[in-house]
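Novice: coords please:
(chains A and B)
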Amino acid sequence: MKRKETVFFGVCLAFFGFMLYEALGQIGRGRAGEVGSGFWPLLTLSGCALLSGVRFIYCLRREGRESSSLPREEEQASERPQVRQNAVLFTMASFLAYLIAIPWIGFILATLLFVPAVSVSLGERRWGVLAVSPFVLTAVIVAVFAKFITIPFPRGAGLFADFSRLFY
Amino acid sequence: MEHYLQALATVLQPQNLTAMVLGSLWGLLAGALPGISTSMGVVLLLSFTYTLAPMTAFVLLVGAYLGGITGGSITSILFGIPGEPSSVPTVIEGHALAKQGKATYAMWVYLLCSIFGGLFSVVVMILATPLIADFALRFGPSEYFALTVLGLSVVSGLSGGSMLKGFISCFFGLFLATVGTDGITGEERFTFNTVTLLGGINFVVAMVGLLAVSEIFIEAGELFQEYKGSVEYRGLLKELPPLSLFRQYLLTMIRSPIIGTIVGALPGAGATIAAFLSYGEAARTAKREPEKFGKGAVEGLMAAECANNASTGGSMTILLSLGIPGSNTTAMLVAAFMIHGMQPGPLLLSTRPEVVYGIFVSMLLTNLLLLVLVGVSIRLFLELNRLPYSVFSAAILILCVIGAYGLNNSVDDVFLMFLFSMVGYFMRKFGVPVAPCILGLVLGDLAELSFRRALLIADGSPLGLVSSPISSLLLAGALFSILYPFFKRPKMISGA
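Specialist: Here you go, the predicted structure:
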């Protein structure tokens, strides 16, 4: 975890450093008293980069101090949550797949597939819940948001659009 | 007094009472449902008001406005989805209470404090409209900048164990607010030639991703739960929090609506700054269980909700007395005035007193009506907690998608939300609080514009930022608020 934190703040430092470089290109003076478009981003990004750098160095030093005496229990503990870590990754992947699928296969079909996928990734194993919930949830959401509030959800492409038009 | 009695008689007419109930219900629905904001709820009602009598139209719209502000916190507590930036402190404390199985308690505290804040601000509005309007008019760019700095100074109260991480998060939010077209020069900043980022990063998209979606990802890594939370409901009146609770936090109950009403009167960022300032003050001065802030502190919830709803009175004060819309929703009310041939402003009270007094009275009655409407439906909302946890989480994710998509009917916003959910996940994972980031994002635009305008007025001299007693006082307050935790034993405030 401590190594990951070092990496995290290292990435932050790199990101803010890159953005700071971009902000430098926007510095310019206009009329008297005008600070230009780049001033405020420069100010905020300097704060971000400086503080991330401080934290990064702190993490590096802490890691250096503790690397020689890494407790064995910590190593073992880091293996145990692997199963749940997979659940997180699967939930993220399902969500991303859902977002990608919506414009292609339409909101209804994407939601029908997404609900059981994410339910399984969250640990749901009851067949009744997995079978019924996608249809109930999709029906309620389409009724409230597509029919009542008339949010124009994506219908999908080709055949999928024809299917979606049956409902909204 | 005679004016108020006449206004009361008008508002109590059947058609106006019906409009009040319908407007409030619609507002509650608009506020509670992701995808439509309070201002959108009011806009959708505007077209129905063309044929209505002016008083009926305003009663309907005021109902939708107050209902929307009140309803927004329902999803914040139950789902952890903030409808408005001002609901972020409610998510932090209210949702944490709901996850501990205290959803009923949290809902009642939120409701009573919201209504108290709303009523307080209306009374202040009736008594002190000229005073507040005069105060609000003294605010120029330097005062606005100082106010935003004061608002940002509560970051120390939202930072949890590490102030440094809190400030990284806040600066990151301030940076995000600069993405898009510069409001003064029109230059593009950090858009990388994409059209999506030209208009900047919408704070709803960022909020939903950083707070709601990232939380589902975090929860996915925890042990499987069958239900989201336990629901214990013993009956309407038995669930009411005891009066002693409000006595315990009397200072917060008095201070928060005052902050809400005054800050709410300032156009631009009233309710958000009010809620965060009030929450930050509660965290800073908490004597009872300060360690609970960020983990379900009832005092934090009370402070945020009192201030949030109290801002409606402040916002209406400035609209009715000066004709300045303080928020998107009150801007819609300006349109309603124009539809009915009126111009809000100093002359309105002399030309159409019945409308002004009618609005005052309808705001009072609508707050009481909302207490009844939400009070009796709390059980209904709580039943959502009986849904299987996995379905509940899937529903939240879908609602988040709708919330982001519904803003501009754009899939790009949904992908941006996903990006923020990943950022939020890693921020939480490594103990960087997300609330300061949202605070920075929401206040960043106003802070930058007022900073640059103040410098322009002062010909580039930084002394322009402290040119008035108000701005000096606010900046001194901000400095005190930032430095205070260093002098006092740091409280264990974990933030979101």
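Novice: Output the below-cut-off pLDDT ranges for the chain.
Specialist: Picked chain A for this. A:1, A:28-33, A:68-83 (pLDDT under 70).
Novice: um, chain B though
Specialist: B:34-36, B:130, B:133, B:156-161, B:223-237, B:268-269, B:385, B:485, B:487-496.
Novice: Does the biggest helix by length in it pack against any helices or strands, and if so which?
Specialist: Secondary structure of chain B read by DSSP state H shows that its longest helix is helix B:103-137. Here helix B:103-137 touches helix B:54-78, helix B:96-99, helix B:250-264, helix B:298-322, helix B:353-382, going by 3 or more C-beta pairs under 8 Å, 6 or more residues apart in numbering or on different chains; DSSP states H and E. For the C-beta atoms, the positions are set from N, CA and C on the backbone; glycine is no exception.
Novice: buried set for the helix or strand that contains residue A:54?
Specialist: Using DSSP states H and E, residue A:54 sits in helix A:39-67. Buried residues in helix A:39-67, counting neighbours by 16 or more other C-beta atoms under 10 Å in any protein chain shown, are found at A:39-45, A:47-53, A:55-56, A:59.
Novice: Same check on stretch B:88-104?
Specialist: Those would be B:88-99, B:102-104, for stretch B:88-104 by 16+ other C-beta under 10 Å.
Novice: check contacts around the residue of the stretch 251-400 of chain B found nearest chain A.
Specialist: Residue nearest to chain A within the stretch 251-400 of chain B (C-beta to the nearest C-beta): residue B:390, separated by 3.6 Å. Residues counted as contacts of residue B:390 (C-beta atoms under 8 Å, 6 or more residues apart in numbering or on different chains) are A:118-120, A:122-124, A:129, A:133.
Novice: isn't there a helix covering it?
Specialist: Yes: counting by DSSP: H, G, I helix; E, B strand; the rest coil, residue B:390 is found in a helix.
Novice: how far away is the residue nearest to the spatial centre of chain A from residue A:118?
Specialist: In chain A, the residue lying closest to the centroid (C-alpha atoms, centre = their mean) is residue A:92, at 7.3 Å. According to C-beta to C-beta, to the nearest Å, residue A:92 and residue A:118 sit 10 Å apart.
Novice: Not counting its neighbours along the chain, what's nearest residue B:276?
Specialist: Take residue B:276 and drop its neighbours on the chain: the residue closest to it by C-beta to C-beta, 6 or more residues apart in numbering or on different chains is residue B:154, 5.2 Å away.
Novice: so what's the backbone phi/psi at that neighbour?
Specialist: phi -70, psi 0 (degrees, to the nearest 10).
Novice: now residue B:181
Specialist: phi -80, psi 130.
Novice: neighbours around it, how many?
Specialist: 16 (other C-beta atoms under 10 Å in any protein chain shown).
Novice: my guess is it meets residue B:188, correct?
Specialist: Yes: contact criterion C-beta atoms under 8 Å: residue B:181 and residue B:188 qualify, at 5.9 Å.
Novice: Touching both of those two, which residues are there?
Specialist: Joint contacts of residue B:181 and residue B:188 (C-beta under 8 Å, 6+ apart) are residue B:198.
Novice: Out of the helices and strands packed on helix B:103-137, which is the most enclosed?
Specialist: Counting by mean count of other C-beta atoms under 10 Å in any protein chain shown, helix B:298-322 has the highest mean neighbour count of the helices and strands packed on helix B:103-137, with a mean of 30.
Novice: List the buried residues for the following helix or strand past that one?
Specialist: Downstream of helix B:298-322, the next assigned helix or strand under DSSP H and E is helix B:328-339. Under the neighbour-count criterion of 16+ other C-beta under 10 Å, helix B:328-339 has B:329-334, B:336-337 buried.
Novice: List the residues that contact the residue lying closest to residue A:2 once chain neighbours are set aside.
Specialist: Nearest residue to residue A:2 in three dimensions, chain neighbours excluded: residue A:63, at 5.7 Å (C-beta to C-beta, 6+ apart). Counting by C-beta under 8 Å, 6+ apart, residue A:63 touches A:2-3, A:6.
Novice: Tell me how many other residues crowd residue A:85.
Specialist: Around residue A:85 there are 13 residues (other C-beta under 10 Å).
Novice: The closest residue to it other than its chain neighbours: neighbour count?
Specialist: Nearest non-adjacent residue to residue A:85, counting by C-beta to C-beta, 6+ apart: residue B:221, 6.4 Å away. Residue B:221 sits with 17 neighbouring residues when counted by other C-beta under 10 Å.
Novice: just residue B:44 next, same as before
Specialist: With other C-beta under 10 Å as criterion, residue B:44 counts 16.
Novice: Return the distance of the residue nearest to residue B:276 relative to residue B:350.
Specialist: 40 Å.
Novice: These two: which is more packed in?
Specialist: residue B:154 (28 against 8).
Novice: Distance of that one relative to chain A?
Specialist: Plainly put, residue B:154 is 17 Å away from chain A if you go by C-beta to the nearest C-beta, to the nearest Å.
Novice: Contact partners for that residue?
Specialist: If you count contacts by C-beta under 8 Å, 6+ apart, then residue B:154 has B:276-277, B:279-281, B:283-284, B:439, B:481 around it.
Novice: now those as a markdown table including neighbour count?
Specialist: Output for the contacts of residue B:154, formatted as a markdown table (neighbours: other C-beta atoms under 10 Å in any protein chain shown):
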| residue | neighbour count |
| --- | --- |
| B:276 | 35 |
| B:277 | 29 |
| B:279 | 34 |
| B:280 | 28 |
| B:281 | 20 |
| B:283 | 27 |
| B:284 | 20 |
| B:439 | 30 |
| B:481 | 22 |
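Novice: Need these in TSV (columns: secondary structure).
Specialist: Below are those laid out as TSV (three-state DSSP):
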residue	secondary structure
B:276	helix
B:277	helix
B:279	helix
B:280	helix
B:281	helix
B:283	helix
B:284	helix
B:439	helix
B:481	helix
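Novice: Spit out the contact partners of residue 50.
Specialist: Reading this off chain A. Taking C-beta under 8 Å, 6+ apart, one finds nothing in contact with residue A:50.
Novice: Sorry, I should have been clearer: chain B.
Specialist: If you count contacts by C-beta under 8 Å, 6+ apart, then residue B:50 has residue B:339 around it.
Novice: Greatest separation within the contacts of residue B:390: which pair is it?
Specialist: A:123 and A:133 (14.1 Å; C-beta to C-beta).
Novice: Pick out whichever of these two has more residues nearby.
Specialist: residue A:133 (22 against 16).
Novice: Identify the residue spatially nearest to the more buried one, adjacent ones excluded.
Specialist: Using C-beta to C-beta, 6+ apart, the closest residue to residue A:133 is residue B:391 (4.4 Å).
Novice: my read: the one you found touches residue A:118, true?
Specialist: No: look at residue B:391 against residue A:118 with C-beta under 8 Å: they stay out of range, at 9.4 Å.
Novice: ok, the two, which is more surrounded?
Specialist: residue A:118 (27 against 23).
Novice: The helix or strand where that one lies near chain B anywhere?
Specialist: Under the criterion of DSSP H and E, residue A:118 resides in helix A:107-121. Yes: judged by C-beta under 8 Å from any C-beta of the partner chain, helix A:107-121 and chain B are in contact via A:111, A:114-115, A:118-121.
Novice: Distance of the residue positioned nearest the centre of chain B relative to residue B:310?
Specialist: In chain B, the centroid-proximal residue (C-alpha atoms, centre = their mean) is residue B:86; its distance is 2.3 Å. Distance from residue B:86 to residue B:310, counting by C-beta to C-beta: 11 Å.
Novice: hey, what's in contact with both of those two?
Specialist: Common neighbours of residue B:86 and residue B:310 (C-beta under 8 Å, 6+ apart) are residue B:274.
Novice: Output stretch B:330-347 in PDB with nothing but the alpha carbons.
Specialist: Provided in PDB are the C-alpha atoms of stretch B:330-347 (Å, rounded to 0.1, in the frame of the first residue of the first chain):
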ATOM      1  CA  THR B 330     -34.200  32.700  -9.400                       C
ATOM      2  CA  ALA B 331     -33.200  33.700 -12.900                       C
ATOM      3  CA  MET B 332     -36.100  31.500 -14.100                       C
ATOM      4  CA  LEU B 333     -38.300  33.400 -11.700                       C
ATOM      5  CA  VAL B 334     -37.300  36.700 -13.400                       C
ATOM      6  CA  ALA B 335     -38.600  35.200 -16.600                       C
ATOM      7  CA  ALA B 336     -41.900  34.400 -14.800                       C
ATOM      8  CA  PHE B 337     -42.100  38.000 -13.600                       C
ATOM      9  CA  MET B 338     -41.600  39.200 -17.200                       C
ATOM     10  CA  ILE B 339     -44.200  36.700 -18.600                       C
ATOM     11  CA  HIS B 340     -46.700  38.300 -16.200                       C
ATOM     12  CA  GLY B 341     -45.700  41.900 -17.100                       C
ATOM     13  CA  MET B 342     -43.700  42.700 -14.000                       C
ATOM     14  CA  GLN B 343     -40.100  43.700 -13.400                       C
ATOM     15  CA  PRO B 344     -38.600  42.500 -10.200                       C
ATOM     16  CA  GLY B 345     -36.700  45.300  -8.400                       C
ATOM     17  CA  PRO B 346     -37.000  48.300  -6.100                       C
ATOM     18  CA  LEU B 347     -40.300  49.400  -7.800                       C
END
